[in-house]
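> Give me coordinates for this.
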Amino acid sequence: MNSLSKVVRGHESRITRFHSERGELMHAGAWLRLPVTVWERLTGRYLRTPWIVPAAVSYLSRVIQPGWSIFEFGSGWSTPWLATRCAKLFSLEYDLLWYAQIKVALEARRLDNCLLLMVGRDDFATAITAFPDESFDLVLVDGRDERVACVESAAPKLRRGGLLVLDDWDHPAYRRVDRVLDNWPRRVFIGLKPYPLTASETAIYRRP
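Just a heads-up that it's a prediction; the model follows:
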């Protein structure tokens, strides 16, 4: 019984593993996909896709166009996934070990359309300001911290109609992004991420 309770509970910040930090229970589609998510985690297939809510991954796979330019705060398994779907990808990282691991993954797939940049932590949120306004079709914000600052820097760099993806939107510190992007339409996807195996919310904003 204790083991079952641990599996369901997940983390002290949630009602159960299947609730987001905002207290929202996973949607029906996420429950239907639950066996697939667990299988991907057990078999290692979760290393091939972004660690955001699976429904958001499915949505992005439908809308990303081959000619898009994308900027990513925080490299990861999303980096090669994005690079195979767009014309140009700029990805920032400040963790040296993670940078080296993703660099090897990109080289193994011969993805030469991705510029993986190692930056200092102090410059992480502002590195995108070196680009002209309206340079990108999509920006993914998924670094360990400074996510609100990243959103503030990224907003003018998106083209009209461009998408800004914020993972873990349900985290209390990140929800104030709604005030930063107060007139941007938003879709929120709730589901179980393969790593960690807990429910989360991924918000996708569209620049008006």
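
> Now residue 171. Nearest residue, chain neighbours left out?
Nearest non-adjacent residue to residue 171, counting by C-beta to C-beta, 6 or more residues apart in numbering: residue 21, 5.6 Å away. (C-beta placed from N, C-alpha, C; glycine too.)

> For that neighbour, list the residues it contacts.
Contacts for residue 21 (C-beta atoms under 8 Å, 6 or more residues apart in numbering) come out as 13, 14, 168, 170, 171, 172, 200, 201.

> per-residue pLDDT, the closest residue to the first one other than its chain neighbours?
Residue nearest to residue 13 in three dimensions, not counting chain neighbours: residue 21, with 5.5 Å by C-beta to C-beta, 6+ apart. Looking at residue 21, its pLDDT reads 90.

> What distance do you get for residue 21 to residue 75?
For residue 21, the distance to residue 75 equals 24 Å [C-beta to C-beta, to the nearest Å].

> Residue 192 too?
Separation of residue 192 from residue 75 (C-beta to C-beta) stands at 23 Å.

> Next secondary structure element downstream of the lowest-mean-pLDDT helix or strand in the chain?
Among the helices and strands of the chain, helix 2-9 carries the lowest confidence by mean pLDDT, DSSP states H and E, at a mean of 45. Next along the chain after helix 2-9, taking DSSP states H and E as the criterion, comes helix 28-43.
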